[in-house]
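Trainee: sequence-free structure coming up:
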């Protein structure tokens, strides 16, 4: 290789080395500038949900049997103190439920189960397994799992119990919108096939007690 080629080869190599070094040292500044430009042109809208395929019958999914309580079993009618230990147990003794055993995350859920078991208007009720429903929220990125589903003579109600101070949170509002949309599609199908309409209840935790009636809760907290 002649001197001219060697000279230009060295210059080219030095230039490439300098450019790579400069890029590496300025990477955060360059990425920040690119990000700022992208943000100026970024927009996100509410997606249009396609009407789901509603089947005439879907099996009741089973809970994972391996998720048993370390502290053992209790009858759902037994008082549990302190109340923050309620999630530690598995509860039995149900007669109207679609499963033999359930766990509860809160005092409100446990007491609502008591109401559903003792209210004569309730025919059957279910604490859905995590894979029972395909209801999505937050731009279809997360799956919503309702707390209860209740059947009476004239309707089927999907129920969520929530802390009273969280009812207006963005998460609760988005989940409610997704659940209402699901209930609307389900009602379109069931009413066209001699079935029962679906409703959605959002019940504050401090409104649930063993002395409550299902009719009282349904009348006060149905979302539309």
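Mentor: It's in. All values derive from a computational prediction rather than experimental measurement.
Trainee: where in this protein is pLDDT low?
Mentor: Low-confidence segments of the chain (pLDDT under 70): 1-20, 22-25, 30, 41-57, 65-70.
Trainee: run through the residues that contact the residue nearest to the spatial centre of the chain.
Mentor: Nearest residue to the geometric centre of the chain (Cα atoms, centre = their mean): residue 144, 2.2 Å. Taking Cβ atoms under 8 Å, 6 or more residues apart in numbering, we find residue 144 in contact with 133, 135-137, 175, 178-179. (Each C-beta comes from the backbone N, C-alpha and C, glycine too.)
Trainee: strands - which of the residues you listed land there?
Mentor: 136-137 (DSSP state E).
Trainee: with distance to residue 61 and neighbour count as added columns, please give the contacts of residue 144 in CSV.
Mentor: As requested, those are exported to CSV (distance: Cβ to Cβ, whole Å; neighbours: other Cβ atoms under 10 Å):
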residue, distance to residue 61, neighbour count
133, 9, 19
135, 14, 18
136, 17, 17
137, 20, 18
175, 20, 23
178, 19, 20
179, 18, 23
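Trainee: quick check: residue 155 vs residue 39, distance?
Mentor: 46 Å (Cβ to Cβ, to the nearest Å).
Trainee: more neighbours: those two, which one.
Mentor: residue 155 (15 against 8; other Cβ atoms under 10 Å).
Trainee: what sits against the more buried one?
Mentor: By Cβ under 8 Å, 6+ apart, residue 155 lies in contact with 196-199.
Trainee: next: residue 109.
Mentor: Contacts of residue 109 by Cβ under 8 Å, 6+ apart are 147-148, 161.
Trainee: name the member of these that has the highest neighbour count.
Mentor: Within these, neighbour counts (other Cβ under 10 Å) peak at residue 161, which reaches 24 neighbours.
Trainee: please enumerate the helices of this protein.
Mentor: In the chain, the helices defined using DSSP state H lie at 3-25, 27-40, 107-118, 170-192, 214-221.
Trainee: break this structure into its domains for me.
Mentor: 3-40, 73-223 (automatic domain parsing).
Trainee: so which of the ones you listed is the most surrounded?
Mentor: Highest mean neighbour count among these (mean count of other Cβ atoms under 10 Å): domain 73-223, with a mean of 16.
Trainee: how long is that domain end to end?
Mentor: Domain 73-223 has its terminal residues 34 Å apart, counting by Cα to Cα, to the nearest Å.
Trainee: ok, stretch 64-72 next?
Mentor: For stretch 64-72, the first and last residues are 16 Å from each other (Cα to Cα).
Trainee: please shift the residue numbers so they start at 112 in all later answers.
Mentor: Got it, the first residue is 112 from now on, which makes the last one we talked about stretch 175-183.
Trainee: not counting its neighbours along the chain, what's nearest residue 221?
Mentor: Spatial nearest neighbour of residue 221, excluding adjacent residues (Cβ to Cβ, 6 or more residues apart in numbering): residue 215 at 4.3 Å.
Trainee: do residue 187 as well
Mentor: Leaving aside its chain neighbours, residue 187 sits nearest to residue 202 (4.3 Å; criterion: Cβ to Cβ, 6+ apart).
Trainee: who's in contact with the one you found?
Mentor: By Cβ under 8 Å, 6+ apart, the neighbours of residue 202 are 184-187, 212-215, 221, 224.
Trainee: for those residues, which one is nearest residue 145?
Mentor: residue 214 (47.8 Å; Cβ to Cβ).
Trainee: measure the closest one to residue 291 for me?
Mentor: In terms of Cβ to Cβ, residue 214 sits 27 Å off from residue 291.
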